[in-house]
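Chemist: After the sequence you'll find the predicted model.
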Amino acid sequence: MRRRTVRFGIAVIVASLLLGTIAPIASAQSETGIGGEVVVADGETVDSIEGIAGSVTVEEGGTVTGDVNALAGDVRIGGTVEGDVSTAAGNVRVLGEVEGDVAGAAGNVVVAEDATVGGSLEAGAGTVQLDGTVEGDVSVGADTVVLGDDASIAGDLRYGGSLEGDTDAVAGEVTYDPSLGLELLPTIQPFTEWLFALYTLALNLLLGAALLVLFPRFSSGVAERVAGDPVRTGVAGLVALVGVPILLIAIAITVVGIPLSVAGAFLFALVAWIGLVYGRFAVAAWLLGAIDVDNRWLALVVGLAGAAVLVRIPFVGGLLNLVVFLLGLGALAMGLYDHRRRHRVEPRGRAVASDGGSPPAGDE
């Protein structure tokens, strides 16, 4: 009983940490940290935003009284930022008002129609689209710089790349400067890619450690399935990967089934993540076992760290990662199925006792 209580406590702590990485973040204070999504909703006010996230959004009606400093896949300013915006992102879109400066490296930078940048704009990007107002100077290096019909630049424009649109939108001087180019992107991009890779590795290690602590026997069973019958296990993973989405779509056909389908999709995403971690752990345990090394913690670290490097190999890395994922998902699915089948055939009294919170596959 005591071990179950300890495991439950660990599970609650780990779940809180993991959910904190994917849940939207919003509060009345400064937003600082790492998360899947940072959102300042309509009617909310925060002091500042500093962090790493999949996306950073200031919705229309939302306000940031200070600066926004973000490393993200997508940054969208639909409300008001009273300070500066500094980002490295896939896309930066200013749809509302930034009272200070905007600076960053991105795939695309957009200052939309009716949007306002009160200070200067400095960017290195693939494409820069200006349809709004910039009260200061603009200095951008991009493949293409586009001045829209509603663009207005009160200061000077320095650009590198191809300039399109009506230069009458610029009140000051227009200067071509090839030194602006795209030097900033090759410098920023490797840093951001490795930072996200380390972030993902840390999350996977956290999840893997929780699985090994909470379900040691089940985790060992996953590794044994992968090593003992990899073909059958991989086929089971492929069936699960294809079959579950089809089942969820079938459920969603009915109006009543839509909520169940949505909930099922989230659950399957979690199961797939667990399967990915299990697959990397199991394959590493299999390879280490071939050289007579039996250490599950070493297997976890080697599997996850090795996969983080493996996926960066063009073509081959992605294919091998898919195979590892199918092995992990298949072993997980087979383990859960065997666990459920055992409970069905056990005597009723024992089955009831097992249902009181025991881990899978005899992890007592």
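Modeler: That came in fine, so what should we check first?
Chemist: Which residue ranges of the stretch 101-250 of the chain form strands?
Modeler: With DSSP state E, counting those that start in this stretch as the criterion, the stretch 101-250 of the chain has strands at 102-111, 116-117, 121-130, 133-134, 138-147, 152-153, 157-165, 174-176.
Chemist: To residue 282, which of the ones you listed lies closest?
Modeler: Residue 282 lies closest to strand 102-111 among the strands of the stretch 101-250 of the chain, at 36.2 Å (C-beta to C-beta). C-beta: built from backbone N, CA, C; applies to glycine.
Chemist: Quick check: can you name the pairing partners of that closest one and their directions?
Modeler: Strand 102-111 has these partner strands in its sheet, going by DSSP bridges: strand 85-94 (parallel), strand 121-130 (parallel).
Chemist: what number of residues lie near residue 313?
Modeler: Residue 313 has 12 neighbours, counted by other C-beta atoms under 10 Å.
Chemist: actually residue 265, not the one I typed
Modeler: 16.
Chemist: Adding mean pLDDT and mean neighbour count as columns, could you present the strands of the stretch 101-250 of the chain in TSV?
Modeler: Listed next are those as TSV, based on pLDDT from 0 to 100; neighbours: other C-beta atoms under 10 Å:
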stretch	mean pLDDT	mean neighbour count
strand 102-111	86	23
strand 116-117	94	20
strand 121-130	88	23
strand 133-134	94	23
strand 138-147	89	21
strand 152-153	94	21
strand 157-165	90	18
strand 174-176	90	13
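Chemist: So for residue 314, which of these sits nearest?
Modeler: In terms of C-beta to C-beta, the element of the strands of the stretch 101-250 of the chain nearest to residue 314 is strand 102-111, at 19.7 Å.
Chemist: what stretches of the protein score poorly on pLDDT?
Modeler: Low-confidence segments of the chain (pLDDT under 70): 1-36, 51-54, 181-197, 255, 345-364.
Chemist: returning to that earlier point: looking at the strands paired with strand 102-111, which is closest to residue 341?
Modeler: Proximity to residue 341 (C-beta to C-beta) singles out strand 85-94 among the strands paired with strand 102-111, at 45.5 Å.
Chemist: Mind putting the strands of the stretch 101-250 of the chain into CSV with distance to residue 78?
Modeler: CSV is the format used below for the strands of the stretch 101-250 of the chain (distance: least, C-beta to C-beta, whole Å):
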stretch, distance to residue 78
strand 102-111, 12
strand 116-117, 13
strand 121-130, 16
strand 133-134, 16
strand 138-147, 21
strand 152-153, 20
strand 157-165, 24
strand 174-176, 29
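Chemist: Out of those strands, which gets nearest to residue 206?
Modeler: Closest among those, using C-beta to C-beta: strand 102-111, at 29.3 Å.
Chemist: Run the chain-centre distance for the closest one.
Modeler: 20 Å (C-alpha atoms, centre = their mean, to the nearest Å).
Chemist: Not counting its own residues, what contacts that strand?
Modeler: 75, 84-94, 117, 119-134, 140, 142, 151, 184-185, 187-189 (C-beta atoms under 8 Å, 6 or more residues apart in numbering).
Chemist: could you redo the last one with a cut-off of 6 Å?
Modeler: With contact meaning C-beta atoms under 6 Å, 6 or more residues apart in numbering, strand 102-111 is reached by 85-94, 117, 121-130, 132, 184-185, 188.
Chemist: so which of the strands paired with strand 102-111 gets nearest residue 71?
Modeler: strand 85-94 (5.1 Å).
Chemist: thinking again about what came up before, so which of the strands paired with strand 102-111 comes closest to residue 321?
Modeler: strand 85-94 (21.6 Å).
Chemist: What ranges does this structure have for its helices?
Modeler: With helices called from DSSP state H, the chain shows them at 2-22, 184-214, 216-228, 230-252, 257-290, 296-310, 316-345, 348-354.
Chemist: before we move on, the earlier item: nearest to residue 224, of the strands of the stretch 101-250 of the chain?
Modeler: Of all the strands of the stretch 101-250 of the chain, strand 102-111 comes closest under C-beta to C-beta, at 44.5 Å.
Chemist: can you give me the angle that closest one makes with strand 138-147?
Modeler: If you take axes from the mean of the first three to the mean of the last three C-alpha atoms, to 10 degrees, strand 102-111 sits at 10 degrees to strand 138-147.
Chemist: Test my guess that residue 282 contacts residue 225.
Modeler: No. Counting by C-beta atoms under 6 Å, no contact exists between residue 282 and residue 225, whose distance comes to 7.6 Å.
Chemist: if you count what's nearby, which of those two comes out ahead?
Modeler: Comparing residue 282 with residue 225 by other C-beta under 10 Å, the one with more neighbours is residue 282, at 30 against 24.
Chemist: ok, and the closest non-adjacent residue to the more buried one?
Modeler: Spatial nearest neighbour of residue 282, chain neighbours left out: residue 226 (3.9 Å); criterion: C-beta to C-beta, 6 or more residues apart in numbering.
Chemist: same check, this time on residue 236
Modeler: Per C-beta to C-beta, 6+ apart, closest to residue 236 is residue 330, 3.5 Å.
Chemist: In contact with the one you found, which residues?
Modeler: With C-beta under 6 Å, 6+ apart, residue 330 has these contacts: 233, 234, 236, 237.
Chemist: Just confirm the second one contacts residue 324, I think it does.
Modeler: No. No contact is recorded between residue 234 and residue 324 when judged using C-beta under 6 Å, the distance being 9.5 Å.
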